[in-house]
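Trainee: Task: produce atomic coordinates for the following.
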Amino acid sequence: MILAGFAASTGRMSLLAAYARALYELAKPIEETTSEFIDTNVQVRIRRKDSLTRDEEPLRLRAVLYEPALRYAVGGPDVMREQYDEIARLASLPNVSVQVLPQTLKGYLSVHDFTVLHLDDGMPTSVQVDNAWSATSVSDKPREVGRFTRKFNALTASALPPEDTPAFLQELTREIIK
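Mentor: Okay, here's the model as predicted:
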């Protein structure tokens, strides 16, 4: 399975339990979620990340992260430093490609976070889009999959190359230490 996605917000970037928990805790009074909901969803995010590092058939991931999403401080400087380190570590894996879409770069910018899912076992390629009211839409219609594939290709063309991601994350780490 291959996931190709874009994150303009912080939600899709939750790679560490501390980061995911801090993100959910921020939204708890607004979303009226329970501690049990948070615990369950943090575990789901960690299992999803683990699928990138498993020995047999690890998930393949191509991600574009929008710079403001990376700069949004969640859980304090230590949590952010760990999050940046984890993104860089995962980006070094042969099955993972992470690009940063700088805020100052000219080019295409998607309004919504989305993921194009290239599924195995004869399943159709699908697209999942996060939209208003914390709703998620999923479609396997070829027209929609094609449209979001073109969006993803435009984003990757506008973003920094994957080999620049570690240096970009190191710079963000230096900024939060100041």
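Trainee: How many residues are close by residue 79?
Mentor: As a burial measure, residue 79 scores 20 neighbours (other Cβ atoms under 10 Å). For every residue, glycine as well, the C-beta is placed using N, CA and C.
Trainee: Need the nearest residue in space to it, chain neighbours excluded.
Mentor: residue 18 (4.9 Å; Cβ to Cβ, 6 or more residues apart in numbering).
Trainee: so who does that neighbour touch?
Mentor: 75, 79, 82 (Cβ atoms under 8 Å, 6 or more residues apart in numbering).
Trainee: which other residues reach stretch 161-174?
Mentor: Residues contacting stretch 161-174 (Cβ under 8 Å, 6+ apart): 70-71, 80-81, 84-85, 87-88, 91-92, 97-100, 102, 160.
Trainee: What residues sit buried inside it?
Mentor: 162, 165-166, 168-169, 172-173 (16 or more other Cβ atoms under 10 Å).
Trainee: what does stretch 100-118 give?
Mentor: Quick answer for stretch 100-118 (16+ other Cβ under 10 Å): 100-102, 108, 110, 113-118.
Trainee: Can you check the distance spanned by it, start to finish?
Mentor: 22 Å (Cα to Cα, to the nearest Å).
Trainee: mind listing which of the contacts of stretch 161-174 are in helices?
Mentor: Here DSSP state H is the test, and these give 70-71, 80-81, 84-85, 87-88, 91 as lying in helices.
Trainee: Break down the chain into its strands, ranges please.
Mentor: 2-7, 60-66, 96-101, 114-118, 126-131, 135-139 (DSSP state E).
Trainee: can you put those in TSV and add distance to residue 50 and mean pLDDT?
Mentor: Putting the strands of the chain into TSV (distance: least, Cβ to Cβ, whole Å; pLDDT from 0 to 100) gives the following:
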stretch	distance to residue 50	mean pLDDT
strand 2-7	14	64
strand 60-66	12	91
strand 96-101	13	94
strand 114-118	18	87
strand 126-131	20	83
strand 135-139	22	81
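Trainee: Turn those strands into CSV, including distance to residue 44.
Mentor: Below are those laid out as CSV (distance: least, Cβ to Cβ, whole Å):
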stretch, distance to residue 44
strand 2-7, 15
strand 60-66, 16
strand 96-101, 19
strand 114-118, 15
strand 126-131, 14
strand 135-139, 14
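Trainee: closest one to residue 24 among those?
Mentor: Comparing the strands of the chain against residue 24 with Cβ to Cβ, the closest turns out to be strand 126-131 (15.2 Å).
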